[in-house]
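**Q** Any chance you can model this:
(chains A and B)
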There are 2 protein chains.
Amino acid sequence: MSRVFPEDSVGLVRPETAHFSEPLRLACGRLLDEYELVYETYGTLNEARSNAVLICHALSGHHHAAGYHSEDDRKPGWWDACIGPGKPIDTNRFFVVSLNNLGGCNGSTGPASPNPATGKPYGADFPMMTVRDWVNSQAQLADRLGIRQWAAVIGGSLGGMQALQWSIDYPDRVRYCVAIAAAPRLSAQNIAFNEVARQAIISDPDFHDGHFLEHDTLPRRGLKLARMVGHITYLSDDAMGQKFGRELKTEQLNFDVNNVEFQVESYLRYQGEEFSTRFDANTYLIMTKALDYFDPAAAHGGNLAQTFAHVSASYYLISFTTDWRFSPARSQEIANALIAAGKDVSYVDIDAPYGHDAFLIPHPRYLQAFSSYMNRIEI
Amino acid sequence: MSRVFPEDSVGLVRPETAHFSEPLRLACGRLLDEYELVYETYGTLNEARSNAVLICHALSGHHHAAGYHSEDDRKPGWWDACIGPGKPIDTNRFFVVSLNNLGGCNGSTGPASPNPATGKPYGADFPMMTVRDWVNSQAQLADRLGIRQWAAVIGGSLGGMQALQWSIDYPDRVRYCVAIAAAPRLSAQNIAFNEVARQAIISDPDFHDGHFLEHDTLPRRGLKLARMVGHITYLSDDAMGQKFGRELKTEQLNFDVNNVEFQVESYLRYQGEEFSTRFDANTYLIMTKALDYFDPAAAHGGNLAQTFAHVSASYYLISFTTDWRFSPARSQEIANALIAAGKDVSYVDIDAPYGHDAFLIPHPRYLQAFSSYMNRIEI
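**A** Numbers count the residues shown, from 1 in each chain, chains lettered A, B, ... in the order given. Just a heads-up that it's a prediction; the model follows:
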């Protein structure tokens, strides 16, 4: 008997791969001669091709945003809380496209892919990516799928930055831009945390200048540390306090640096270990660099309102009260610039205790606010 | 011609060493058979021996809190802003004692000292320390110096925790307790940051299970990362923003993970490198563990007011608005518990942009508030 998936699930899904042989010119000045993008789609493209929605992923995300890959699959896609029949991104109405970005490690061309010039994995020779490069590659995918204009481009965190960049670079191809827990650029503190993560990876002797695959090894220690420090910034102090407090792992203190004393240490070590075996270290470096580089206002002397002068999308911005990685103040900067530019913008700050991770969590007020906006989008 | 030091400086100072041959019983259950404490003193002990003040240091601090070690010394002690003639801890009135804690790496017995049992450096065999252990060793030093009661025990951050512990463990030996930018216990997030720092050190292949000195090496990569992540938590997001913003290191982006792009990356790398050659990795582990373990209310079922029931000191608490490591709310927890216990407490929250590091910085309002309280202490 085959498995019955929840009614509000998109059910079984299968990734597809698009191959591109036209070179892509990148912000770093290099050309990517050919590349593949892996993607999934949920829902049905309507006759008018006017109901397509693009999902952009964050640092460690990928194309598998909703549904299940097999009958035995226990864990649905990373944004299954928000994508499906009757959910905020309602697959009864929208045709949803979700891809793995270039430079990723989940099927799209990236540092672990073979370099056509050498036959060996690119490793550190994979070109540096920017949010703008991703948007350009996503535009190629849109062309391939016959989507001239997105009903909406949507993303959280680094995904929200891609949504903003889409609305700036392709104003006639985006009707709605939904940026959740995003920022118009990183702060010095944001960059500092990224730099610690990168130094952890680069200084791991198993990194081998980024050519660890050729050395048949992985820089696990470095990637584990990078993930641990990242993870702290995804949660609020309160969320950590509620989840772990000062609860001891064993009944009494053992006064030893090798054994964990507190639950939070055990949790972080586990998160780090698990990540270090499934994620590519070069991809992590590229993703954090793309975050650092994102600064669309830089081309306008830092004036964000001027950056938005020519956009035509309507904007929906969501922030979370306890997010200290990209705090509500950062979303408000974007909202204020859009208002100053005379654009259509709605903004909601959701009271949720989960920190930056809130954009992934099915908090009722968040789902409600998200749904109510998405339902107003004409298709 | 000899150098003229500033009028408000204690001038030339010389560390002294006290040797203790009575064993010290530690919280971890072990005994330290003999040990040395290095310390400095500033000002003059009065006839009544009633004007002695103890300075307790924070994570990377030491005994050299004020003045200069030589005529050529360009950098004064770490708290020179607060200790000296006419300064908040006025050496015209007070006799100031400042020591390097046990387990430290600046002269007191610690992991780099020879283990009498083997003749080799203790390394990881040095016993784990707690705030309570430090207070007990400081009480031995007080006895040696003929100081029965401190006019005040004073410290910032981890130093403030020692001041609190003094008032709890030796109520008749402390008249005033001054705890600056402190907390009654670490939060899960505080512990998480410490754990990342420790994992960075422990997973460095040059750590050799804590016996790196015997291998004639230092776990520099790990200690550098530990310091980098720590440093981010000492500064406020605003302070980092004002100091570095998104200023580029070179004129344009170089799209490369090995070169720094932004000033903040360069600053952090420098801070980490510098620290990694001058600080002992085992000491760093011990200091962060002592922070994690500090929780005086644990013995009273988490009831902080009850913990303070029998204290007799007057308390002065100072916090800083932008400190997110030990936020003003943490000082307020202490103040509220003291009020509930019916004790004498004054509290001031200083509006300063420097984050946790503010306790080290000569911000006028801070110095003024600190001085005005200290001047009221009768000697």
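
**Q** count of neighbours near A:D209?
**A** Residues contacting A:D209 under the criterion other CB atoms under 10 Å in any protein chain shown number 11. (Each C-beta comes from the backbone N, C-alpha and C, glycine too.)

**Q** how far away is it from chain B?
**A** According to CB to the nearest CB, to the nearest Å, A:D209 stands 8 Å off from chain B.

**Q** for A:A299, same thing?
**A** Taking CB to the nearest CB, one finds A:A299 at 12 Å from chain B.

**Q** Just confirm that residue contacts A:T307, I think it does.
**A** Yes - at 7.2 Å, A:A299 counts as touching A:T307 under the criterion of CB atoms under 8 Å.

**Q** more neighbours, these two?
**A** Taking other CB under 10 Å, A:A299 and A:T307 do not tie; A:T307 has more neighbours (22 against 11).

**Q** Residues touching the least confident helix or strand in chain A by mean pLDDT, excluding its own?
**A** Within chain A, no helix or strand scores below helix A:237-244, which has a mean of 91 by mean pLDDT, DSSP states H and E. For helix A:237-244, the surrounding residues in contact (CB atoms under 8 Å, 6 or more residues apart in numbering or on different chains) are A:232, A:235, A:262-264, A:267, A:322, A:324, A:353-355, A:357, B:187-189, B:192.

**Q** so is the spatially closest residue to A:Y373 that is not a sequence neighbour in a helix, a strand, or just coil?
**A** In space, A:Y373 comes closest to A:Y316 once its chain neighbours are excluded; the distance is 4.9 Å by CB to CB, 6 or more residues apart in numbering or on different chains. Following DSSP: H, G, I helix; E, B strand; the rest coil, the label given to A:Y316 is strand.

**Q** tell me the contacts of A:Y316?
**A** A:Y316 neighbours (CB under 8 Å, 6+ apart): A:176-179, A:345-347, A:373.

**Q** from the contacts of helix A:237-244, which ones fall inside helices?
**A** A:232, A:263-264, A:267, B:188-189, B:192 (DSSP state H).

**Q** Output the residues you listed in JSON lines; the columns should cover neighbour count and distance to B:V135.
**A** Formatted as JSON lines, those follow (neighbours: other CB atoms under 10 Å in any protein chain shown; distance: CB to CB, whole Å):
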{"residue": "A:I232", "neighbour count": "23", "distance to B:V135": "30"}
{"residue": "A:Q263", "neighbour count": "17", "distance to B:V135": "28"}
{"residue": "A:V264", "neighbour count": "29", "distance to B:V135": "26"}
{"residue": "A:Y267", "neighbour count": "20", "distance to B:V135": "31"}
{"residue": "B:A188", "neighbour count": "25", "distance to B:V135": "25"}
{"residue": "B:Q189", "neighbour count": "24", "distance to B:V135": "26"}
{"residue": "B:A192", "neighbour count": "24", "distance to B:V135": "26"}
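
**Q** Pull out the CA atoms of stretch A:149-160 and give them to me as CSV.
**A** This file holds the C-alpha atoms of stretch A:149-160, laid out as CSV (Å, rounded to 0.1, in the frame of the first residue of the first chain):
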residue,chain,number,x,y,z
GLN,A,149,7.5,37.3,-15.6
TRP,A,150,7.3,35.9,-12.1
ALA,A,151,4.1,36.5,-10.1
ALA,A,152,6.5,36.6,-7.2
VAL,A,153,10.1,36.1,-6.2
ILE,A,154,10.3,35.0,-2.6
GLY,A,155,13.0,34.2,-0.1
GLY,A,156,14.2,34.3,3.5
SER,A,157,17.5,35.6,4.7
LEU,A,158,20.0,35.3,1.7
GLY,A,159,17.0,34.2,-0.3
GLY,A,160,15.3,37.5,0.4
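
**Q** Quickly list the domain ranges of chain A.
**A** A:16-185+A:296-375, A:190-288 (the TED database).

**Q** okay, these in TSV with distance to B:N101 next?
**A** Listed next are those as TSV, based on distance: least, CB to CB, whole Å:
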stretch	distance to B:N101
domain A:16-185+A:296-375	32
domain A:190-288	16
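
**Q** now for the ones you listed, which one comes closest to B:Q252?
**A** Nearest to B:Q252, of all these, is domain A:16-185+A:296-375, at 10.7 Å by CB to CB.

**Q** Need the contact partners of stretch A:363-379.
**A** So stretch A:363-379 is contacted by A:46, A:50-51, A:81-82, A:87-90, A:93-94, A:151-152, A:175-176, A:178, A:180, A:316, A:318, A:320, A:346, A:348, A:350-352, A:354, A:358-359 (CB under 8 Å, 6+ apart).

**Q** Can you pull the residues of the stretch 101-250 of chain A lying near chain B?
**A** A:124, A:127-128, A:185-189, A:191-193, A:195-196, A:198-200, A:202-203, A:205, A:210, A:221, A:224-225, A:228-229, A:232, A:235, A:237, A:240-241, A:243-246 (CB under 8 Å from any CB of the partner chain).

**Q** Going along the chain, name the helices of the stretch 251-379 of chain A.
**A** Taking DSSP state H, counting those that start in this stretch, the helices of the stretch 251-379 of chain A run over residues A:263-278, A:281-293, A:304-307, A:328-340, A:364-374.

**Q** Now A:H231. Nearest residue, chain neighbours left out?
**A** A:Q271 (5.3 Å).

**Q** A:V264 versus the one you found, what's the distance?
**A** Separation of A:Q271 from A:V264 (CB to CB, to the nearest Å): 11 Å.
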